Structure formats: structure tokens, C-alpha cells
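I need the structure of the sequence given here:
(one chain, ligands or ions: 1)
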Amino acid sequence: MLGYFGPAGTFTHQALQTVTQDEARPYPTVPAALDAVRTGEVEAALVPIENSVEGGVSATLDALADGERLMIIREVLLPVQFGLYVRPGTDLADVRRVLTHPHAAAQTRGWLAANVPQATVTEGGSTAAAAAEVANPGSQWDAAVCAAVAGEMYGLVPAASGIADNEAAVTRFVLVGHQGAPSERTGADKTTLVAYMHENRPGALLEILQQFSLRGVDLCRIESRPTKTQLGSYCFSIDAEGHVLDERMGEALRGLHRVCQDVVFLGSYPRADEVPAEVPYGASDGEYRLATDWLGTLRATGRD
Ligand SMILES: O=C(O)C(=O)C[C@]1(C(=O)O)C=C[C@@H](O)C=C1
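Predicted coordinates for the structure are as follows:
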């Protein structure tokens, strides 16, 4: 059984339905969904990790970095569109209190300010949980920012549709399972990790970046997250193009291990867009192996 950030009707639920129709178990928060994987209640869980407008989902980045180790098995991309959903009979002009997920609030901030300037927006739970709450006849909330699927599922009607400030927004979700052998290498892969520096000193971040750039590995995402030990202490959450089985990625990880205090490997898995990695000159597996063989001969015989 799979788990997901729920309840039914969240964008995460919709993303899950693009990969399986099997019954799955909803969890009210991302940490709860990931803990259910840790306890074995579910085999794996789908959670949001990044949005093209709002950036990384901190709850997910932190829950993956902390606690018993988990691994990303695959990723799913979903275009996200929002509507303002109300109980039947409520007009846009009557909307005073709006409830939604923080990422959804951020992606509709401009529209809400322009079209319901009288409303206050409260962030919490998920978009679908907000719809379920608004559906309550005695609810203190007048409207939810959510997907059409969620609005309809909980018996609400749209006071407005297509309210995203950026219509091309896409959210990326990851299916997270137990630590184990990484997913198979496809040639169009991503690797996710968290790098902890030894100490805060000049050039430490540059040193981390150099491990990738020297080996021709492109980064798709890098974000600093607090280590939560003290103010000003940060680690780096990174998505890099390629698989841990790629020679250049292996070299980059070896380099990171030498210069970092800790490197948390969170998986190598196929890219949802299936775009193959661009391997720069001198960075292919064949070229790495030739160089290793050459050095081996040199060391053994002195001949190049
Ligand atoms: O609340 C939901 O529906 C979610 O699936 C979460 C989430 C997010 O965390 O980014 C997913 C997609 C949207 O960007 C807004 C909210």
C-alpha cells in the first residue's frame, strides 16, 4: 500500500493517480506520510518537494534530511491550477476568510489581493483539507484555494477559476521508500542529497559546487536549509543530473565525502521528463574508465 499527503483531492493525490489507480492511504502532513514509511505502515509515500513558482517544500526537505534514512524512488510532475471554492450561495464579494496550503497561497497571492482585497488568507494543512473545512456549514472560513477536483469532491462551487498568478506552474512530487539499492539507471536520472559542511568558513559552498562542476555534473536544484543546531548553521539540499552509478557522479560524491562533514544520499531515480543527461567532453563513463586504466598501468609499470 502507498501513502500520500492528503486528504483525497490534494495535488499530491492527483499526482499519485497519474502513476497508480491502486488504493492508497492519505496522511494529513508530509512528516506523517514519511513516518508511515519509516514504521512500515505503507511501502512508500508520495509527497510534494518543489514548485516551479514557490521553490522547495521545506516540510519535505527537512523530513527527508532528518530521522531514519529514506530514499526517493521516482519523481512525478503535475501542472497545478487553482480555483477559489465556496459553499453554494456564497458570492465573491462575501468572501472574507480564505483557507489554503502555504504554497497555494503563495501562488495565488496577486489574484487574491486584486480580486478579494477584503479577505484575509490563512495558511495550513493542504488545499484539499481546506476545501473539506470550508464545506462544513458552520465553518469560520468562506473559501478555499484548491484544485477543481478538491472543490467538487467536497461539494463546493467555484467563485472563480484559473486564479494562479502563473498559469504555467508545475509541482514536482517524489515517491519515497525505504533505504535500499537505488532505482535502475536509465540515462535520464537525478540524484538527491544533502551536504553538511564541516564549519562555516569562506569558500565552503564553492568547494561543494566545485565537486560537481569539475566532473561535468549539472545541478537542477540547490537550497540552503537550517541544520537547526544554531542560528546561521546551514546544510545544502541538492538535486544533481545523473545517477550514482555514473562515473562522474561517483567521483563528485567521493569529492563531497572528502570535503563535507556529512553527505546524506537520498536516491538516484529516473527523471519524470525523461530528458537524458548532457555529458560534457571528457566526463563519460568510457572516458573515466580509460583514465582509471591509464593510471593503473602507470602506477604498476611506470609506462603511460
Ligand atoms: O495541498 C496540496 O494539495 C498539495 O498537494 C501540496 C502542494 C505543495 O506543497 O506545493 C502541492 C501543489 C501546489 O503547489 C500546492 C500545494
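
In contact with residue 212, which residues are there?
Residue 212 sits next to 218, 219, 240, 252 when contact means C-beta atoms under 8 Å, 6 or more residues apart in numbering. The way it works is simple: take the backbone N, C-alpha and C, and place the C-beta from them, glycine included.

Model confidence score at the residue most central in space within the chain, please.
Residue closest to the mean C-alpha point of the chain, counted by C-alpha atoms, centre = their mean, is residue 49 at 1.4 Å. pLDDT, residue 49: 98.

where does it land in three-state SS?
Following DSSP: H, G, I helix; E, B strand; the rest coil, residue 49 is assigned to strand.

So it sits against residue 61, correct?
Yes - applying C-beta atoms under 8 Å, one finds residue 49 in contact with residue 61, separated by 7.1 Å.

what's the strand or helix carrying residue 237 in contact with?
Using DSSP states H and E, residue 237 maps to strand 234-241. Contact partners of strand 234-241, identified using C-beta under 8 Å, 6+ apart, comprise 56, 61, 65, 189-197, 200, 205, 208, 212, 217-227, 249, 252, 277-278.

Which of those fall in helices?
Counting by DSSP state H, these place 61, 65, 205, 208, 212, 249, 252 in helices.

Serialize those residues to a markdown table and add fields for distance to residue 94 and pLDDT.
Output for the ones in helices among the contacts of strand 234-241, formatted as a markdown table (distance: C-beta to C-beta, whole Å; pLDDT from 0 to 100):
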| residue | distance to residue 94 | pLDDT |
| --- | --- | --- |
| 61 | 38 | 96 |
| 65 | 43 | 93 |
| 205 | 50 | 92 |
| 208 | 52 | 96 |
| 212 | 53 | 98 |
| 249 | 55 | 98 |
| 252 | 56 | 98 |
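
quick one: which of the residues you listed is nearest residue 137?
Within the ones in helices among the contacts of strand 234-241, the smallest distance to residue 137 is 37.6 Å, found for residue 61 (C-beta to C-beta).

PyMOL command to pick out the buried ones of the contacts of strand 234-241?
Restricted to buried positions by 16 or more other C-beta atoms under 10 Å, the PyMOL selection for the contacts of strand 234-241 reads:
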select buried, resi 56+61+65+189+190+191+192+193+194+195+196+197+205+208+212+217+221+222+223+227+249+252+277
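
before we move on, back to that, put together a markdown table for the contacts of residue 212, with distance to residue 297 on each row.
Converted to a markdown table, the contacts of residue 212 look like this (distance: C-beta to C-beta, whole Å):
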| residue | distance to residue 297 |
| --- | --- |
| 218 | 31 |
| 219 | 34 |
| 240 | 31 |
| 252 | 25 |
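
Please identify which of those residues is nearest to residue 26.
Relative to residue 26, the closest of the contacts of residue 212 is residue 240; by C-beta to C-beta it sits at 31.3 Å.

how close does the closest one get to residue 12?
24 Å (C-beta to C-beta, to the nearest Å).

Quick check, pLDDT for the closest residue to residue 100 other than its chain neighbours.
Excluding its sequence neighbours, the residue lying closest to residue 100 (C-beta to C-beta, 6 or more residues apart in numbering) is residue 145, at 3.7 Å. Note on residue 145: pLDDT of 98.

So what does residue 145 look like in phi/psi?
Note on residue 145: backbone dihedrals following degrees, to the nearest 10 are phi -90, psi 110.

Surely it and residue 109 touch.
No - with contact defined as C-beta under 8 Å, residue 145 does not reach residue 109; the gap is 9.9 Å.

Run a quick neighbour tally on residue 81.
Using other C-beta atoms under 10 Å, residue 81 is surrounded by 16 other residues.

Check whether the residue nearest to it when sequence neighbours are not counted sits in a helix, strand or coil.
Nearest residue to residue 81, sequence neighbours excluded (C-beta to C-beta, 6+ apart): residue 164, at 5.9 Å. Per three-state DSSP, the secondary structure class of residue 164 is coil.

Can you give me the neighbour number for residue 164?
19.
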